[in-house]
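[1] I would like to see how this sequence folds:
(chains A and B)
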Amino acid sequence: MPISIVEARDLTIAFDHRQVLSGVNFTILQGDYIGLVGPNGSGKSTLIKCMLGLINPSQGSISLFDEAPSAMKQREKIGYLPQRMDFFNPRFPTTVTEVLSQGMIANRRAGKKSDGQEIDKMIELFDLKELRNRLIGELSGGQQQRVFIARALVNAPDVLILDEPTSALDPEVRESFFELLHELNKKKNVTIILVTHDIGGVGQYASKLMYLDKRVVFFGGFDEFCQSENMASFFGSASQHIICHKH
Amino acid sequence: MALLRSTLSVINTDAGRSLLDIVEFLDYGFIRRALIAGSLISVLCAVLGVILVLRRLSMIGDGLSHVTFGSVALAMVLNFYPLAISVPIVAVSSFGILKMIEKARVFGDAAIAVVSSIGIAVGILLSSIAGGFNVDLFSYLFGNILSISTIEVAVSVVISLSVLAAIYLFFDEIFSITFDEDFARASGIPVDRINAVLMLLTAVTVVLTMKVVGIMLTSALLVLPAVTAFQNARGFRNAIIMAAVSSLFSLVSGVFISFALNLPAGATIVMVNVFLFGGSFLFRHFFGAHAAE
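    A predicted model of the protein is given here:
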């Protein structure tokens, strides 16, 4: 029987009495690859912050590995990439290697020893060898994004939560990144939750799409999404056709 | 010391005589006390300053030093030892800043300004009630590292080493919070608890620093070494080391220059820091990584 990774029940999140998400119910199982999509302000980033315990629910409940996210101990199981513009101070004096070592902190806190090989592996995988001693602010947007993706992956997590990871990547790197995620999902059974605006792009890899617009409008497979009359009336059938045709 | 002096006395050159003068400076107990306490406090300020500046809390030293002014005035009115009153009051104020940022929809700089204004206002009111500013209060305003007592040295050594040890032990966590707070939370780091501890450490450091450079110049010792280091640092750890070295150099040379030229020590230390910042900026401009571009 598949293990539940994230489970939300009647989840409502509000800030200053303004509801950002309401009545959200879903279960994400181990090995799922979820494309979390929706328009700007639909609550995608808020939902993943709630999954991680960075925001508490106003009503209802959410669990991560069967624990309340804010109290969850086994943090080394999670890989997280925040939305880029949320956190990054380009003048921060830190090297690529220092940024990658941050990804190992949950492992270190859990008492797992590391000889630095994980970091070397990521440097190799993401072609960062020439950049490893450069300051993060000296890199281009795409190079920075590669570093942050590598940071999310360096501790070999069981679940990867990625908030718009491909926004600054060029098409070639984006394609190989999607292939890497696909491989992690298929070969290592890593659960992936990927926030994106590119429904058609994520559709070819994700096992399920979750369409949010302050509530869960749709949660199911991509083919189901393309055939859904509900989605056709939500988007207009022309838009639905464009999205699905792209796939 | 005697052996060193006799060795230097036979070197009959300008350099030998200068070294002899320095050794003779060290004969003075107040110079030795100033160097021991000042060195540790300056390193502590530099390390903490790097973290505060990167978290855009550069002015916290200024704000808390104004609270220190109010608390020293209170200690004088009540006839208490200033450190005993200042540490708890400044610590509570630092938590006040933290809570205002977290809960009251106030940006960091505005929260610091609010607490700073209260500190100054209370200080002025208490001084007025006590019959005006006296010499003691002025000595805290402008600092006098050369008047530091043996007990103050002991307190400074214990507190400085404890704070530096705490920062060393939680270095990875502090780095992670400073760079990316959300990622740090997602990694299971107790961000709120570490933020509270950092505020407490800042409060204690500000109170210690008032004796070195005075209330008026405390924030300079927190901010200048950090911004000096940022000009040429190639990493976070590297920035902390560069800031500590620059701060230590400013302190030691500032003490010697002030004694030799009969200048106020606090202001001299700060001006050495300013020159180092200028030098570091010029070095980056002409020889730094971007200069070659």
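[2] alpha carbons only for contacts and neighbour counts from here, please
    OK.
[3] which residues of chain A fall in helices?
    Listed from the start of the chain, chain A has helices (DSSP state H) covering A:44-51, A:84-87, A:96-102, A:105-109, A:117-125, A:141-153, A:171-187, A:199-203, A:222-227, A:229-235, A:237-246.
[4] typo on my end, it should be the stretch 1-150 of chain B
    Using DSSP state H, counting those that start in this stretch, the helices of the stretch 1-150 of chain B run over residues B:2-9, B:14-27, B:29-54, B:60-78, B:82-103, B:108-129, B:135-142, B:150-169.
[5] and the helices of chain A, which one is worst for confidence?
    Note on those: lowest mean pLDDT is at helix A:84-87, with a mean of 62.
[6] Next up, the contacts around the closest residue to chain A within the stretch 151-293 of chain B.
    Here the residue of the stretch 151-293 of chain B nearest chain A is B:Gly235; by CA to the nearest CA that distance is 4.0 Å. By CA atoms under 8 Å, 6 or more residues apart in numbering or on different chains, the contact set of B:Gly235 is A:93-95, A:98, A:135.
[7] What separation is there between B:Leu208 and B:Ser247?
    Distance from B:Leu208 to B:Ser247, counting by CA to CA, to the nearest Å: 15 Å.
[8] These two - which one has more neighbours?
    In this view B:Leu208 and B:Ser247 are compared by other CA atoms under 10 Å in any protein chain shown, and B:Ser247 has more residues nearby, 33 against 27.
[9] which helices and strands sit right next to the strand or helix carrying that one?
    Taking DSSP states H and E as the definition, one finds B:Ser247 inside helix B:236-261. Under the contact definition 3 or more CA pairs under 8 Å, 6 or more residues apart in numbering or on different chains; DSSP states H and E, helix B:236-261 sits against helix B:29-54, helix B:218-232, helix B:265-287.
[10] Now for the closest residue to the residue of the stretch 151-293 of chain B closest to chain A other than its chain neighbours, how many residues are close by?
    Counting by CA to CA, 6 or more residues apart in numbering or on different chains, A:Thr94 is the residue found nearest to B:Gly235 once chain neighbours are left out, at 4.0 Å. Close neighbours of A:Thr94, defined as other CA under 10 Å, add up to 23.
[11] ok, now A:Gly41?
    Burial of A:Gly41 is recorded as 12 neighbouring residues (other CA under 10 Å).
[12] Also A:Leu125?
    A:Leu125 has 13 nearby residues by other CA under 10 Å.
[13] Kindly report the same for the one 4 residues further on.
    Applying other CA under 10 Å, we find 14 residues neighbouring A:Lys129.
[14] repeat for B:Leu83
    For B:Leu83, the count of nearby residues is 20 (other CA under 10 Å).
[15] what's near enough to touch it?
    For B:Leu83, the set of contacting residues under the criterion of CA under 8 Å, 6+ apart consists of B:72, B:207.
[16] Quick check: the gap between it and chain A.
    Shown here: B:Leu83 relative to chain A, a distance of 35 Å by CA to the nearest CA, to the nearest Å.
[17] How about B:Val245, nearest residue that isn't a chain neighbour?
    Closest residue in space to B:Val245, ignoring its immediate chain neighbours: B:Val43 at 7.5 Å, by CA to CA, 6+ apart.
[18] Can you check the pLDDT for that neighbour?
    Each residue has a pLDDT score; the one for B:Val43 is 95.
[19] I'd say it and B:Ile240 touch.
    No. Taking contact to mean CA atoms under 8 Å, the distance of 9.4 Å between B:Val43 and B:Ile240 leaves them out of contact.
[20] Which one's more surrounded, those two?
    When neighbours are counted by other CA under 10 Å, B:Val43 comes out ahead of the other of B:Val43 and B:Ile240, with 26 against 23.
[21] Give me every residue in chain A lying close to chain B.
    Residues of chain A that fall close to chain B, judged by CA under 8 Å from any CA of the partner chain: A:52-54, A:72-73, A:75-76, A:78, A:80-82, A:87-89, A:92-95, A:98, A:102, A:105-106, A:133-135.
[22] Out of these, which end up buried?
    Among the residues of chain A next to chain B, those buried by neighbour count (16 or more other CA atoms under 10 Å in any protein chain shown) are A:52-54, A:72, A:75-76, A:78, A:80-82, A:92-95, A:98, A:102, A:105-106, A:134-135.
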